[in-house]
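Undergrad: following is a predicted model, sequence given first.
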Amino acid sequence: MPGFPLEPGATIGILGGGQLGRMLTVAATELGFDIAVLTPRENAPDARVAAYAITAAYTDEAALRELADLCDVVTFEFENVPADALEFLAGLGCPIAPGPKALASTQDRVAEKTFLNALGIETVAFAQVDGPDDIGPALERLGAPALLKTRREGYDGKGQRWISTAAEGAAAFAELGGKPAILEARAEFVREVSIIAARGHGEQLAFYPVGENRHADGILKTTVAPAPEWERVQDRAEAIAAAILEDLDYVGVLGVELFELADGRLLVNEIAPRVHNTGHWTQDGAVCDQFEQHIRAVAGWPLGATQPLVAIEMENLLGQEVETWPDIAADPYARLHLYGKGEARPGRKMGHVNRLRPLPD
Ligand SMILES: Nc1ncnc2c1ncn2[C@@H]1O[C@H](COP(=O)(O)OP(=O)(O)O)[C@@H](O)[C@H]1O
Ligand SMILES: [Mg+2]
């Protein structure tokens with residue numbers, strides 16, 4: 001196995017089959033690397049652009065062995081990869097970045113908030129909900145309404161219900177499949193922002209300017225970056241991200257979702273141990289985008305510059321919205337990114353557009 005930095009021509013493995021893996025694959029290919037994707041999905045968006053694609057369950061040991069044989073380092077584009085898969089790869093001597101601790105601290109919403117609070121990072125107040133009987137006392141403490149979420153595997157607002165009474169809570173718990181859950185106090189945020197950060201080999205850190213995010217039905221709709229008045233929150237957002245990266249001895253790109261409160265406090269909503277949808281603006285707005293940055297980090301290369309070149313309004317194309325592509329293509333300052341997904345189901349992320357705007361003074 002070659003050492004780091006990896007040389008062009010080396011192969012990087014990606015666990016996961018989605019658009020994040022696809023954009024990582026394109027970025028890695030630009031630097032002369034080959035990508036090997038392992039995904040359980042047939043015809044996955046990233047498998048179609050990668051040099052090697054292995055279609056198998058994440059727990060398929062023969063497939064993991066094949067991946068380890070091909071690759072000089074393995075990363076993931078999806079934090080719900082089973083921890084056992086990473087352990088198996090690590091047992092084969094395969095370098096993994098970010099490491100298994102990053103996955104363990106972010107796969108479960110209770111573990112994630114407990115981890116953050118232990119670092120002195122504020123989150124909303126929360127309660128662990130193992131069964132419907134836990135909900136009444138938790139609501140009493142957290143106040144109503146509160147948000148019931150499954151502890152694991154939620155994304156794009158899936159697996160979440162607002163509740164105001166214990167009876168509503170019991171019904172919602174059953175609707176969410178009776179799985180271990182978390183009840184969260186409502187964050188009275190004035191806006192949602194996020195910071196995309198990176199840590200390389202040799203503890204090098206890099207931070208992009210904070211972006212401002214708008215969600216609809218729990219799904220990200222737009223990011224404006226740099227966020228209006230980003231200087232107000234930038235230093236504190238960087239300090240939060242740095243504490244997380246350092247504690248996890250992290251290598252790669254990390255996304256940190258934040259609630260900005262009326263009194264100016266920042267609470268962490270959640271962290272993503274991977275490239276992040278709110279960092280897509282960097283593809284057309286920053287010197288080195290988050291995808292190349294992640295590849296540089298895991299390959300042991302120096303990190304790239306995070307400076308914004310223009311302001312960007314990133315808009316996700318959800319479901320049928322992707323059909324507006326001809327209008328977007330007709331605007332020369334709209335940079336279109338499509339994921340090559342077949343069926344445009346409602347709410348499904350089909351692509352995004354980065355609209356270029358002048359940088360604020
Ligand atoms: N405790 C909360 N208070 C208020 N809004 C919340 C809370 N938790 C989540 N939300 C809203 O729902 C969105 C999605 O929730 P999040 O926890 O980020 O789940 P996902 O993993 O699906 O992104 C957030 O971006 C925010 O708009
Ligand atoms: Mg989120």
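TA: Thanks, I have it. A quick note: this is a predicted structure, and the numbers were derived from the prediction, not measured. Ligands and ions are numbered 1, 2, ... in the order given.

Undergrad: next, count neighbours for the residue nearest to Ala127 when sequence neighbours are not counted.
TA: Distances taken as Cβ to Cβ, 6 or more residues apart in numbering place Ala138 nearest to Ala127, at 3.6 Å, with adjacent residues excluded. C-beta coordinates here come from the backbone N, C-alpha and C atoms, glycine included. A count of neighbours around Ala138, defined by other Cβ atoms under 10 Å, yields 24.

Undergrad: surely Ala138 is in contact with Ala185?
TA: No - the pair Ala138 and Ala185 does not pass the contact test of Cβ atoms under 8 Å, sitting 9.5 Å apart.

Undergrad: what touches both of the two?
TA: Residues touching both Ala138 and Ala185 (Cβ atoms under 8 Å, 6 or more residues apart in numbering) are Ala146.

Undergrad: would you check that Met314 makes contact with His280?
TA: Yes - Met314 lies in contact with His280 (Cβ under 8 Å); the separation is 5.2 Å.

Undergrad: I'd like the distance between the residue nearest to Ala127 and Ala170.
TA: Separation of Ala138 from Ala170 (Cβ to Cβ, to the nearest Å) stands at 12 Å.

Undergrad: what residues does the stretch 1-150 of the chain have near ligand 1?
TA: Selection of the stretch 1-150 of the chain residues close to ligand 1 by Cβ under 6 Å from any ligand atom yields Val124, Leu147.

Undergrad: for the stretch 1-150 of the chain, what spans make up the strands?
TA: Using DSSP state E, counting those that start in this stretch, the strands of the stretch 1-150 of the chain run over residues 11-15, 34-39, 52-55, 73-76, 126-129, 146-150.

Undergrad: do the stretch 201-350 of the chain as well
TA: Going by DSSP E, counting those that start in this stretch, the stretch 201-350 of the chain shows strands at 205-207, 211-216, 219-225, 252-261, 266-272, 311-318, 334-338, 349-357.

Undergrad: which one of these is the most hemmed in?
TA: Of all the strands of the stretch 201-350 of the chain, strand 252-261 has the most neighbours on average by mean count of other Cβ atoms under 10 Å, namely a mean of 24.

Undergrad: quick one: strands adjacent to that one?
TA: Sheet partners assigned to strand 252-261 using DSSP bridges are listed as strand 189-199 (antiparallel), strand 266-272 (antiparallel).

Undergrad: okay, these in CSV with distance to ligand 1 next?
TA: CSV is the format used below for the strands paired with strand 252-261 (distance: least, Cβ to the nearest ligand atom, whole Å):
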stretch, distance to ligand 1
strand 189-199, 6
strand 266-272, 5
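
Undergrad: now those strands in a markdown table, with mean pLDDT and distance to Thr223?
TA: Listed next are the strands paired with strand 252-261 as a markdown table, based on pLDDT from 0 to 100; distance: least, Cβ to Cβ, whole Å:
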| stretch | mean pLDDT | distance to Thr223 |
| --- | --- | --- |
| strand 189-199 | 98 | 8 |
| strand 266-272 | 97 | 14 |
